[in-house]
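K.L.:
Based on what follows, work out the 3D shape:
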Amino acid sequence: MKSVEYSSLEQAAEIWRASKVAVALTGAGISVASGIPDFRSPKGLWSEFAPMEYATLDAFIQEPNKVWQMFLAVNKLARECQANTAHTSLAELEKADKLKAVITQNIDGLHQLAGSKNVIEMHGCGRILACPECNYTEALPEAGLQIEPVPCPRARTIPGSHRTHRYLKPNVILFGEDLKREVIQDIIHWQNSMDLLIIIGTSADVYPAAALPNAVKALGAKIIEINVEPTRVSRTLSPCFLQGKAEEILPPLQKLVLA
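P.N.:
Below is the predicted model of the structure:
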């Protein structure tokens, strides 16, 4: 395994300025400064709600009222948070045509709140309600989730439908669900098009995100990584590695890229 090579903002900015198709891959680390802890951290969601008990599609089908308590906790947390300077820097870079897309593992919608337009949400979005049975969707009410699970409107109007499931849920990917086909297609498109991948706030250890760094490296793209600690990517792919918090690194890096 290679030793980690630490880089400077100037080195990263030079690589970024030379790129034609830059794409960001973001994870939980970019939203920590907004008040959303990593689900796997000691204060994260999984410390209160065991994922294999609450965060599977089977659990929601069998015990929707129980799983709804997890959704309420996530919704409350997301509604109390705002985009931070890392999110806004990416939005400004997109506006300046120095970032083509953001692929995110997060479900908080903070990239869109910051102004990013081309966001591929790998694991869905908690700001939309969807029916796993018929794919009906509607926007989450401004007041947030109701206390009780919400029945799908089509369950009452389409005879014989919704035999397995009749409640809406936040439009996020639970364990046991596949990624949306259109999401996979978007990821493949950018994987084959980008010449620079900027990894921010994620160890990229969970698939399908884990496959992206190796794939783009094999296709000749460069990699910039911004993380508080070295990761598998830092140790095996020799990216341009910037150690630190995304909200502290991205604003000055943005200025250098756009200078």
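
K.L.:
what about stretch 24-35, how long is it end to end?
P.N.:
End-to-end distance for stretch 24-35: 21 Å, by Cα to Cα, to the nearest Å.

K.L.:
Buried residues, it. List them.
P.N.:
By neighbour count on 16 or more other Cβ atoms under 10 Å, the buried set for stretch 24-35 is 24-34. Placement of C-beta: from N, CA and C, glycine included.

K.L.:
In CSV: those, plus secondary structure, pLDDT and distance to residue 97.
P.N.:
As requested, these are arranged in CSV below (DSSP: H, G, I helix; E, B strand; the rest coil; pLDDT from 0 to 100; distance: Cβ to Cβ, whole Å):
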residue, secondary structure, pLDDT, distance to residue 97
24, strand, 98, 14
25, strand, 98, 19
26, strand, 97, 19
27, coil, 94, 24
28, helix, 90, 27
29, helix, 93, 25
30, helix, 96, 21
31, coil, 93, 25
32, helix, 91, 28
33, helix, 93, 26
34, helix, 92, 26
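
K.L.:
Can you tell me which helices and strands the longest helix anywhere in the chain packs against?
P.N.:
Longest helix in the chain, counting residues (DSSP state H): helix 64-79. The helices and strands touching helix 64-79, judged by 3 or more Cβ pairs under 8 Å, 6 or more residues apart in numbering; DSSP states H and E, are helix 51-54, helix 57-62, strand 124-130, strand 169-172.

K.L.:
Need the contact partners of that helix.
P.N.:
Under the contact criterion Cβ atoms under 8 Å, 6 or more residues apart in numbering, helix 64-79 has outside partners 35-36, 45, 48-49, 54-55, 59-60, 107-109, 126-127, 140, 144-145, 147-149, 167, 169-170.

K.L.:
Drop anything exposed from these.
P.N.:
Buried among these by 16+ other Cβ under 10 Å: 36, 45, 49, 54-55, 59-60, 107-109, 126-127, 140, 145, 149, 167, 169-170.

K.L.:
sorry, back to before: could you look up the next helix or strand downstream of the longest helix of the chain?
P.N.:
For helix 64-79, the following helix or strand on the C-terminal side (DSSP states H and E) is helix 85-95.

K.L.:
Check which helices and strands the helix or strand just after that following helix is in contact with.
P.N.:
Toward the C-terminal end, the helix or strand that comes next after helix 85-95 (DSSP H and E) is strand 101-104. For strand 101-104, the helices and strands in contact under the criterion 3+ Cβ pairs under 8 Å, 6+ apart are strand 22-26, helix 85-95, strand 119-121, helix 181-193.

K.L.:
7 Å - rerun?
P.N.:
Contact partners of strand 101-104 among helices and strands, from 3 or more Cβ pairs under 7 Å, 6 or more residues apart in numbering; DSSP states H and E: strand 22-26, strand 119-121, helix 181-193.

K.L.:
Mind giving me the packing neighbours of the second one?
P.N.:
What that stands for is strand 119-121. Counting contacts by 3+ Cβ pairs under 7 Å, 6+ apart, strand 119-121 packs against strand 101-104, helix 181-193.

K.L.:
Nothing else from me, thank you.
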